[in-house]
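Peer 1: Show me how the following folds:
(one chain, ligands or ions: 1)
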Amino acid sequence: MCGIIAISSDKQVAAALLAALKQLEYRGYDSAGLATLEKNKIHTARAQGKLAALEQKLKTRAPPGSTGIGHTRWATHGRPSEQNAHPVIAEVGGKSENAVAVVHNGIIENHAKLKQELARQNLAFHTDTDTEVIAQLTSLNLAAGLPPLEAVTETLKRLEGAFALAFLFSRDDTVIGARRGSPLAVGQSDNTLALGSDVLALAPIARQIAYLEEGDIVVLSGDTPRLFNAAGENIQPQWKAISPSSLQIGKGQYQHFMQKEIYEQPAVVGETLDSFLDPARLRASFPEFPFDTGSLRKVLLSACGTAYYATVAAQYWIEGVAGLPCSAEIASELRYRDPALGGTDLAVFVSQSGETMDTLEAARMVARAGVSRLAVVNQGESTLARECEMSLLTRAGAEIGVASTKAFTTQLALLGCFALELARAGGVSDERLRAYGSALMELPSRLYEALTLDERVSAIAADISRARHALYLGRGAMYPLALEGALKLKEISYIHAEGYPGGEMKHGPLALVDDEMPVIVLAPSGPLFGKIASNAEEVMARGGRVLLISDAEGLASFGGEPEWVLEMPSCDVFVQPILYALPVQLLAYYAACHRGTDVDQPRNLAKSVTVE
Ligand code: M6R
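Peer 2: Model (predicted):
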């Protein structure tokens, strides 16, 4: 979603702003722009589309100045266009001393009301954005004689909704940032102060960063930032040095970030297991929980998108292995429900970014019910991690491709360990726990083996990329993998796809089967193999084109002749949902490559969904 950068330094900043915006590209956007300040004049450059279009404009006329703000916009209010791109400028009364430029991530929910009110004061609006009310209100406050910090503070009091903001003023070499609901960090190094939506944007500029808390306002001017909390008190930033790994976001030898991230999975799943599995005792190993795992009555798991599918798989583990009642809930639905929860329940929220608005709001709703909350995140400093009573970190590292891959498998690895911890607390025998632990320990090697299927998957994907629709089938803990496979395919190749539990085929979807739509059947050997194999046979009997993904044992016992087969390494049933993520990711990746779509930044999508 929208990315924010602001830099105040002793050098010209246009090039540095553009470089930082490139670091934010992965978030997804449809227009971009920047504004700089020189001699009390705000200069802007904006362009619709990719940053290359903005870069082109800067080549002919780079806005001058050593202070500036920049933005990548993911349209919510107002179509993607140059006119609606940020920074949004307001200059009440046409007086240059009242000019202010604003960049915004989030949604101002009362913008229509504010716009009507401002229109009654004869203020003209030049964009269709909700952001423009922020600029107009602030300019109005400046015109009324308020200095920049007070002008912003007064504006913020009028806003409802979520936002991270950066303001640039014509009258003063100052940038002001504010956060309510959307993430924002401040960074500094020699002679440079900066604001950014995330550490990736700030990594090339700052040596240390501090995340703003809810309601914080920060002023960049002079040598050090001044930070104020929601009560208006001057507070000290909690600086953290930026680790060199946060700078490592190159594609290396790979064509796309997604491909690189698929290939990183054996390593990052291994690192995640290293954190939560004791190799000597083959048992889960967690820091002390702020709740008693032995007396939990129910576990509620919640997330969005791919992270939600990880929770669906975990539901099978927590019920099947730990024997605890467990439900997996889509966060955007959960937040508006009134679930029956009690003090002995645990709610687990899973999010790569830790900034997904619906997941955050679901976690806040659950907190009001007095339930303990555990966050599973890939960003340790994220809002979700900071708000929940405890957070556990997946070790995926920076995930840049919009399509989630290594975040998913590391979430599964962590949740698998957590299920074992709950099982231990529930009295499951050591022998059983060791068998599961040993299956997890072997997983990184199996993941390496699965990657050797790369070329074969690419060949199959060439056929599948010509389809308009596809169906993914799975049963048991492979059902969420069918959902995830379908999401991956539609998200990056734009082929319509659905995931179904195999047993549901006869209840409707079988009518879709023809000789054009590929049906991808996830059928590892195990207790449900016979069931899913029958579902595949039923599709083939009706002329359907099946890709059977199974292991040697499954393929040997399958009677029919599917159009395509993929032979996966064998593994314990417990870890199959993690291993089978790889072929569905590779299939979607190569289908997208064959179709020539934008793999890392699929149209209309954002990496982290920070608005509702
Ligand atoms: O950052 P989160 O894990 O909370 O993101 C949740 C979803 O937006 C995300 O998993 C999305 O579905 C992926 N782009 C799918 O590949």
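
Peer 1: Can you name the residue of the stretch 151-300 of the chain nearest to the ligand?
Peer 2: Ranked by C-beta to the nearest ligand atom, the top residue of the stretch 151-300 of the chain for proximity to the ligand is residue 258, at 9.3 Å. From N, CA and C alone the C-beta is placed, and that goes for glycine too.

Peer 1: State the pLDDT value of the closest residue to the ligand within the stretch 201-350 of the chain.
Peer 2: Ranked by C-beta to the nearest ligand atom, the top residue of the stretch 201-350 of the chain for proximity to the ligand is residue 305, at 1.9 Å. Note for residue 305: predicted pLDDT of 98.

Peer 1: Correct me if wrong: it contacts residue 404.
Peer 2: Yes. Residue 305 is within contact range of residue 404, at 7.1 Å (criterion: C-beta atoms under 8 Å).

Peer 1: between these two, who's got more neighbours?
Peer 2: residue 404 (27 against 23; other C-beta atoms under 10 Å).

Peer 1: Spatially, what comes nearest to the more buried one if we skip its sequence neighbours?
Peer 2: Closest residue to residue 404 apart from its sequence neighbours, by C-beta to C-beta, 6 or more residues apart in numbering: residue 306 at 4.1 Å.

Peer 1: so who does the one you found touch?
Peer 2: 352, 403, 404, 407, 408, 484, 487, 488 (C-beta atoms under 8 Å, 6 or more residues apart in numbering).

Peer 1: of all those, which comes closest to residue 600?
Peer 2: For those, the closest approach to residue 600 (C-beta to C-beta) belongs to residue 403, at 8.0 Å.

Peer 1: ok, the nearest residue to residue 326 once chain neighbours are set aside - contacts?
Peer 2: Closest residue in space to residue 326, ignoring its immediate chain neighbours: residue 318 at 4.0 Å, by C-beta to C-beta, 6+ apart. Contact analysis of residue 318 by C-beta under 8 Å, 6+ apart lists 299, 301, 324, 326, 418, 419, 422.

Peer 1: Over to the second one: give its phi and psi.
Peer 2: Reported as degrees, to the nearest 10, the phi and psi values for residue 301 are phi -110, psi 140.

Peer 1: Could you show which parts of this protein are in contact with the ligand?
Peer 2: Proximity of the chain to the ligand (C-beta under 6 Å from any ligand atom) is limited to residues 304-307, 351-353, 356, 359, 402-404, 487, 491, 608-609.

Peer 1: Looking at neighbours, which among the residues you listed is most surrounded?
Peer 2: Neighbour max across these (other C-beta under 10 Å) = residue 351, 32 neighbours.

Peer 1: I figured it was touching residue 383, is that so?
Peer 2: No. If you go by C-beta under 8 Å, residue 351 and residue 383 don't touch, sitting 9.5 Å apart.

Peer 1: Common neighbours of those two, please.
Peer 2: When contacts are counted by C-beta under 8 Å, 6+ apart, residue 351 and residue 383 have no shared neighbour.

Peer 1: Kindly tell me how buried residue 192 is, as a neighbour count.
Peer 2: Counted with other C-beta under 10 Å, residues neighbouring residue 192 total 19.

Peer 1: partners of it in the sheet?
Peer 2: residue 189 (DSSP bridges).

Peer 1: Report the secondary structure element holding residue 35.
Peer 2: According to DSSP states H and E, residue 35 maps onto strand 31-38.

Peer 1: That strand pairs with which strands?
Peer 2: Strand 31-38 pairs in its sheet with strand 41-48 (antiparallel), strand 67-73 (antiparallel), by DSSP bridges.

Peer 1: Take these and write them to TSV, including mean neighbour count.
Peer 2: Output for the strands paired with strand 31-38, formatted as TSV (neighbours: other C-beta atoms under 10 Å):
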stretch	mean neighbour count
strand 41-48	20
strand 67-73	30
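
Peer 1: Can you list the buried residues in the helix or strand containing residue 591?
Peer 2: When elements are assigned from DSSP H and E, residue 591 belongs to helix 581-595. For helix 581-595, a neighbour-count test (16 or more other C-beta atoms under 10 Å) marks 581-594 as buried.

Peer 1: tell me what it is packed against?
Peer 2: Here helix 581-595 touches helix 257-263, helix 406-425, helix 430-451, helix 454-464, helix 479-493, strand 518-522, strand 545-551, going by 3 or more C-beta pairs under 8 Å, 6 or more residues apart in numbering; DSSP states H and E.

Peer 1: how much does that helix deviate in direction from helix 479-493?
Peer 2: Using axes from the mean of the first three to the mean of the last three C-alpha atoms, to 10 degrees, the inter-axis angle of helix 581-595 relative to helix 479-493 is 20 degrees.

Peer 1: quick one: helix 581-595 to chain centroid distance?
Peer 2: Put simply, helix 581-595 sits 19 Å off its chain's centre (C-alpha atoms, centre = their mean, to the nearest Å).

Peer 1: repeat for stretch 389-403
Peer 2: 9 Å.

Peer 1: I'd like the average pLDDT over it.
Peer 2: Stretch 389-403 carries an average pLDDT of 95.

Peer 1: And for stretch 91-109?
Peer 2: For stretch 91-109, mean pLDDT is 91.

Peer 1: And stretch 419-431, by the same measure?
Peer 2: 96.

Peer 1: Which positions in that stretch come out as buried?
Peer 2: For stretch 419-431, using 16+ other C-beta under 10 Å, the buried residues are 419, 420, 421, 422, 423, 424, 425, 428.

Peer 1: following the helix or strand of the chain with the lowest mean pLDDT, which helix or strand comes up?
Peer 2: Least confident element among the helices and strands of the chain, by mean pLDDT, DSSP states H and E: helix 199-202 (a mean of 86). For helix 199-202, the following helix or strand on the C-terminal side (DSSP H and E) is strand 208-211.

Peer 1: partners of that following strand in the sheet?
Peer 2: Partners of strand 208-211 in its sheet, by DSSP bridges: strand 185-189 (antiparallel), strand 240-241 (antiparallel).

Peer 1: Contacts for the first one, please.
Peer 2: Same thing as strand 185-189. Residues from elsewhere that reach strand 185-189, judged by C-beta under 8 Å, 6+ apart: 177, 193-199, 202, 205-212, 218, 220, 224-225, 227, 237, 239, 242.

Peer 1: Mind putting the buried residues of stretch 419-431 into a markdown table with distance to residue 39?
Peer 2: Listed next are these as a markdown table, based on distance: C-beta to C-beta, whole Å:
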| residue | distance to residue 39 |
| --- | --- |
| 419 | 62 |
| 420 | 64 |
| 421 | 62 |
| 422 | 63 |
| 423 | 67 |
| 424 | 67 |
| 425 | 66 |
| 428 | 71 |
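
Peer 1: Tell me which of the residues of the chain next to the ligand fall in helices.
Peer 2: Among these, the members falling in helices (DSSP state H) are 305, 306, 307, 359, 487, 491.

Peer 1: Looking at the residues you listed, spot the one nearest residue 497.
Peer 2: Of all these, residue 497 sits closest to residue 487, with 7.8 Å by C-beta to C-beta.

Peer 1: pretty sure the closest one is touching residue 308, no?
Peer 2: No. Contact criterion C-beta under 8 Å: residue 487 and residue 308 do not qualify, at 9.6 Å.

Peer 1: Overlap in contacts, the two.
Peer 2: The contact sets of residue 487 and residue 308 do not overlap (C-beta under 8 Å, 6+ apart).

Peer 1: which SS state does residue 113 fall under?
Peer 2: helix (DSSP: H, G, I helix; E, B strand; the rest coil).

Peer 1: before we move on, which element is residue 309 in?
Peer 2: Per DSSP H and E, residue 309 falls inside helix 305-320.
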